[in-house]
Structures are given as structure tokens and as C-alpha cells.
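# Dropping a prediction and its sequence here:
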Amino acid sequence: MAVVSVISMQSRPDDLRDEALLRGLARYGITPTAVTYAPVGFGDHHWKVTRGDGHGWFVTVSDLDHKEYCGVGAEAALKGLRRAMDTAVALRARDGLRFVVAPVLAADGSSVVPLDERYALAVFPHVAGHGGEFGQKLSDAERDRVLGLLARLHGRTPPDSTPTTTLEPAGLTGVHAALNDLADAWSGGPFSEPARHLLAEHAATVRARLTDFDALAGRVRHRGAPPVVTHGEPHPGNLIQGDDGYLLVDWDTVGLAVPERDLALLADDPAALTRYAELTGRTPDAAALALYRLRWNLLDVAEFVRWFRAPHEGTADTRSAWGGFKEALTQLAG
């Protein structure tokens, strides 16, 4: 289980002014009568927006300085985020995948609108239904229904905008750097030194898991399976049960990869993925499943290491993140 997915951003960003958010909404032709901050999800910030006639949207503001999986640096992250959102739009509009909850387009046709040099806005339609939770146990029937969605997604010709993922995510570089910097004090904020001591306690385990990751990545790379369009995080927390079945949200992680990138979040045993094999003719690879489950856990550690080595304050979000860091290291050891 990935820890970051169960942490909510409790506080809106202090340096994002209401006027900037309203200007961004105006580019969609939206003049809201109510804007309510929604403390859900990790990394991005969310608002519920309604106008006088009751029409509503779900609004996401991304911090481009901390969107490394879309691109390193705000400019690259904005381009990567746009590619991801454009891909979601194409999958729904071009390929008819109605379970894809894609963003609505701004007046100029953009799927993502910059608010300033750091933040960018995406607007989504309000979706009626019951949302799941990360870590929620799916029944066999529910898992098979999700596998049916993934089989359809993986079988589509990738839109030209689809980002390409890498087996070795950039975030792991920060973990290696932190492991090599355990002797000197960390000074980013109140949790920096506790984080250094905690990582030092688990350093042997983290190094061992990084070695395991390299070995698994080599096996998967040698296998040479063709990439498909993957969502990246199709766990229950990104599923909404609507009137016509499951809907899949949060497409900023969409990218080309082997199918196991998605499948690993549903099961670590290929035998539990029989329905997918029946629908696609592809038998999931055990090594690739293990790789992506380990990758998920290592990226949790990488996110918290980056957080606590950087300048930060003792906010509700950082206190929540501290608990998440301890849990992430415990899970990695397990």
C-alpha cells in the first residue's frame, strides 16, 4: 500500500491568492457563486466550485515545483501535466472510454491553465457516485470489473500526447543522495533532523530494497514487453462507482509502460489476474508485478525524504507527512 495516497492536503497553499484562482476559472467561462476548499488527495489542492444555477465542478490546482513525475521544474512539469490531461481527453473523446474522467477544456482549448509561475489549474466535471478509499479491499468481482476497464485502456492505440514513463523514477536519486548525507545535520525545518535519524535507522533496509529494485528492473527490461497506455494509480481511491459502473479519476499519472504498472495495484499474484489474461491474451509477469509494487513503496519514501530535506514548517500537512514517512519505512521493511 502506498502511504502518500492516504494523506490529505489539509491546508490550501498560502501563496495562492483567491484572485488568481478566480482568473483561472474565468478562462473556462466559470463565474462561481461558491468556492469551497476540499482537503482530499495528496500533493495537489482541490476545490468544489458551483455557480448560481447549481452546476458544479471539481477543481485541481497542481504545485508545479513538486510535480516531478510530470517533469522536473515548473516549466517542464506544466508541459508534462498538459500532455497527461490531453491524453485523458483523447481517451474519452476519441476512443470513447466513458470511464475516463477527463478535464473540461478552457475557452482556448487548453486542458491545463497556469495560474502563475508555480501553480496550474485543471477543471473537471462534477461526477455523481460513491468514491472508494485507498487500501480498500476489493471483492473478486469488483477487481474483475476494474480489470475489464484496464483491459480496454491497455488495448487502445496511445494518443500522440501520451507521456513515456521510466522504470527508474527521478525521485530515487534523492533517496540515494539522502542515504549518502546521513552524517551531517539536515536543516530544512522542524522534521529534518528527526527524518535524518529515522532514515539512518532504516538505511540498511532501504539500500537492500533499492538493490532489489535494480535487479527486478533488469529482468523486466530484458523481457522487453511492449508498452501500453497505463493509468498509473488505478486503486480504489481513484474509483467512483457511478450509475453505469466504475469511473476512473486522477489521470496526471497516465503514461506508456508495461501493463503491470497498473495491475500491481490490484494484486501481486498473477493467479488473481486471470480475468485480465482472458480479456487480453497477456499473462501478467510476476517479476514486473513485484517491481511496480516495490517502485510504489520506494517512491513514497522518496516523496517524504524530499519533503523533509526541503524548507518546511510544522503545519498539519507536515505532521501528517511525518506519520506517513514512518509508516512508509515500516512497509518497506515488511
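Alright, I've got the coordinates. Values in this document were obtained by computation on a predicted structure and should not be read as measured data. Numbers count the residues shown, from 1 in each chain.

# As a check, name the ranges of all strands in this structure.
Assigned by DSSP state E, the chain shows strands spanning 34-38, 45-50, 56-63, 113-114, 119-125, 130-131, 228-230, 239-242, 245-248, 255-257.

# Which among these is found nearest to D214?
Evaluated over the strands of the chain, closeness to D214 peaks at strand 255-257, with 17.5 Å, by CB to CB. (Glycine included, C-beta is placed from N, CA and C.)

# roughly how far is the closest one from the heart of the chain?
13 Å (CA atoms, centre = their mean, to the nearest Å).

# next one: stretch 145-156
18 Å.

# and stretch 200-214, which residues are buried?
202, 206, 209-210, 213 (16 or more other CB atoms under 10 Å).

# I meant stretch 115-122, not that one.
Quick answer for stretch 115-122 (16+ other CB under 10 Å): 115, 118-122.

# Out of the buried residues of stretch 200-214, which comes closest to R306?
Using CB to CB, those come closest to R306 at V206, 14.3 Å.

# Quick one: the helices in the stretch 51-200 of the chain, in order.
Ranges of helices within the stretch 51-200 of the chain are 74-93, 140-154, 171-179, 192-201, based on DSSP state H, counting those that start in this stretch.

# quick one: least confident helix or strand in the protein?
Of all helical and strand segments in the chain, the minimum by mean pLDDT, DSSP states H and E falls on strand 130-131, at a mean of 84.

# which secondary structure elements does the lengthiest helix in the chain contact?
When the chain is parsed with DSSP state H, its longest helix is helix 286-309. Secondary-structure packing of helix 286-309 (3 or more CB pairs under 8 Å, 6 or more residues apart in numbering; DSSP states H and E): helix 171-179, helix 192-201, helix 203-223, helix 260-263, helix 316-333.

# just those helices: most buried one?
Most buried of the helices and strands packed on helix 286-309, by mean neighbour count (mean count of other CB atoms under 10 Å): helix 260-263, with a mean of 26.

# Just the CA trace of that helix, in PDB.
The C-alpha trace of helix 260-263 is given here as PDB (Å, rounded to 0.1, in the frame of the first residue of the first chain):
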ATOM      1  CA  GLU A 260       1.900  -4.500 -14.700                       C
ATOM      2  CA  ARG A 261       2.300  -0.800 -13.700                       C
ATOM      3  CA  ASP A 262      -1.500  -0.800 -13.300                       C
ATOM      4  CA  LEU A 263      -2.100  -4.400 -12.400                       C
END
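
# Contacts for it next, please.
147, 150, 153-154, 165, 220, 230-232, 234, 255, 273, 276, 284-285, 288-289, 291-292 (CB atoms under 8 Å, 6 or more residues apart in numbering).

# Now list the buried members of those residues.
Among the contacts of helix 260-263, the ones that count as buried (16+ other CB under 10 Å) are 147, 150, 153-154, 165, 220, 230-232, 234, 255, 273, 276, 284-285, 288-289, 291-292.

# For stretch 81-93, which residues meet the burial criterion?
Under 16+ other CB under 10 Å, the buried positions of stretch 81-93 are 81-92.

# scratch that, stretch 65-82 is what I was asking about
So stretch 65-82, judged by 16+ other CB under 10 Å, has buried residues 67-71, 74, 77-82.
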